[in-house]
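> Quick one: sequence plus predicted model below, questions after.
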Amino acid sequence: MDYLPKDPAILVSSVNMLLRDEEFDTLESLCYAFSIESKEIKDYLMKYGFVWSEPQKQFRPIGYDQ
């Protein structure tokens, strides 16, 4: 993958897959590789109902992040 998708659902899926499959250790390392700030991704996905869960190391729908 050369770039991160713009579609929120595909972006969540892609980021979670890259972290789950251990391509990257952290969200910050993933963001560094794609030249984007983690805050930018978090803010963008928050608008579409997804929140970052640090304990689970994945984006989750708001309400399912506990």
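Yep, that arrived. Residues are numbered from 1 along each chain as shown.

> C-alpha only now, for contacts and for neighbours.
Noted.

> just for the chain, where's the confidence low?
Counting by pLDDT under 70, the chain shows low-confidence ranges at 1, 65-66.

> Would you map the strands across it?
Taking DSSP state E to define them, one finds strands in the chain at 50-53, 58-61.

> and of these, who's closest to S14?
Closest to S14 of the strands of the chain is strand 58-61 (CA to CA; 10.3 Å).

> Next, the contact list for the residue nearest the centre of the chain, please.
Centroid-nearest residue in the chain: V15, 4.3 Å away (criterion: CA atoms, centre = their mean). For V15, the contact set (CA atoms under 8 Å, 6 or more residues apart in numbering) comprises Q58, F59.

> Turn the strands of the chain into a markdown table, columns for mean neighbour count.
Converted to a markdown table, those look like this (neighbours: other CA atoms under 10 Å):
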| stretch | mean neighbour count |
| --- | --- |
| strand 50-53 | 20 |
| strand 58-61 | 20 |
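
> K39: which of those is closest?
Of all those, strand 50-53 comes closest under CA to CA, at 10.1 Å.

> Who does that closest one pair with, and is each partner parallel or antiparallel?
Note on strand 50-53: by DSSP bridges, its sheet partners are strand 58-61 (antiparallel).

> List of residues touching the strand it pairs with?
V12, V15, N16, L19, G49, F50, V51, W52, S53, D65.

> what about 7 Å?
Residues outside strand 58-61 that contact it (CA atoms under 7 Å, 6 or more residues apart in numbering): V12, N16, G49, F50, V51, W52, S53.

> would a markdown table of the strands of the chain with distance to E37 be doable?
Formatted as a markdown table, the strands of the chain follow (distance: least, CA to CA, whole Å):
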| stretch | distance to E37 |
| --- | --- |
| strand 50-53 | 14 |
| strand 58-61 | 15 |
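
> For Y3, find the nearest of the ones you listed.
Nearest of the strands of the chain (CA to CA): strand 58-61, 18.0 Å.
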